[in-house]
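Chemist: based on what follows, work out the 3D shape:
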Amino acid sequence: MKLLALNCNQCGAPLEVPAKAKYVTCNFCSTQLSVQHTDKVAYTEAIEEIQERTRQMSEDLKYLKKQSAVEDLDRSWRRRREQFMVRSNQGELSIPRKGTAIGVGASTTIAGLLWMGFAANMGAPAFFPLFGLVFIGAGIFGAVRINAKADDFHHSHRAYLSKRHKLLS
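Modeler: Okay, here's the model as predicted:
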């Protein structure tokens with residue numbers, strides 16, 4: 001049987017181990033060793049060190065998976081958030097808000113009522129004041145639409161934050 005002359009990587013003591021051995025215990029320090037073979041060299045490595053490195057690599061992998069999941073969730077939320085955005089008259093995008101919905105509804109309703117009053121007072125044909133009803137209807141429709149978008153946005157945002165919190169904890 002062919003023996004290999006090795007040293008314990010823990011205490012440095014000389015070891016003679018069978019060439020095909022995978023594990024050995026040092027006779028001097030009682031450290032359990034793994035016998036490692038490469039193409040040209042054989043050496044020992046303490047099994048506790050291997051286990052510690054393996055544990056650390058496992059922890060690192062868990063952390064990287066968690067970070068990746070958070071980044072995926074954040075990316076997904078940014079895309080989803082864009083679907084809720086409302087464009088202003090100046091072309092700027094903003095998050096839908098209930099206050100905006102009330103403002104849109106109130107201002108277009110007032111504009112419609114003013115239109116109806118001015119058209120009636122100016123002696124315009126009978127159908128002119130009815131355009132005010134179109135303003136009022138469009139305002140109410142816009143207000144309901146923005147309000148629904150605001151509700152959907154806030155519900156989705158709370159769900160996103162909850163998922164993110166669970167991933168991070």
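
Chemist: can we go C-alpha only for contacts and neighbour counts from here?
Modeler: OK.

Chemist: ok, Ala19 - contacts?
Modeler: Residues in contact with Ala19 (CA atoms under 8 Å, 6 or more residues apart in numbering) are Met1, Lys2, Leu3, Leu4.

Chemist: for it, give its distance to Asp151.
Modeler: With distances taken as CA to CA, to the nearest Å, Ala19 is found 72 Å from Asp151.

Chemist: what does Ser169 give?
Modeler: As judged by CA to CA, Ser169 and Asp151 stand 27 Å apart.

Chemist: okay, the two: which has more neighbours?
Modeler: The residue with more neighbours, out of Ser169 and Asp151, is Asp151; 15 against 6, by other CA atoms under 10 Å.

Chemist: okay, now Phe84: neighbour count?
Modeler: Counted with other CA under 10 Å, residues neighbouring Phe84 total 19.

Chemist: least confident secondary structure element in this structure?
Modeler: Least confident helix or strand of the chain, by mean pLDDT, DSSP states H and E, is strand 86-87 with a mean of 82.

Chemist: can you name every helix or strand that it contacts?
Modeler: Packing partners of strand 86-87 (3 or more CA pairs under 8 Å, 6 or more residues apart in numbering; DSSP states H and E): strand 93-94.

Chemist: average pLDDT across the helix or strand following the strand it packs on?
Modeler: The helix or strand immediately downstream of strand 93-94 is helix 98-121, counting by DSSP states H and E. Helix 98-121 carries an average pLDDT of 89.

Chemist: give the buried residues for helix 98-121.
Modeler: 98, 101-102, 104-106, 108-113, 115-116, 119-120 (16 or more other CA atoms under 10 Å).
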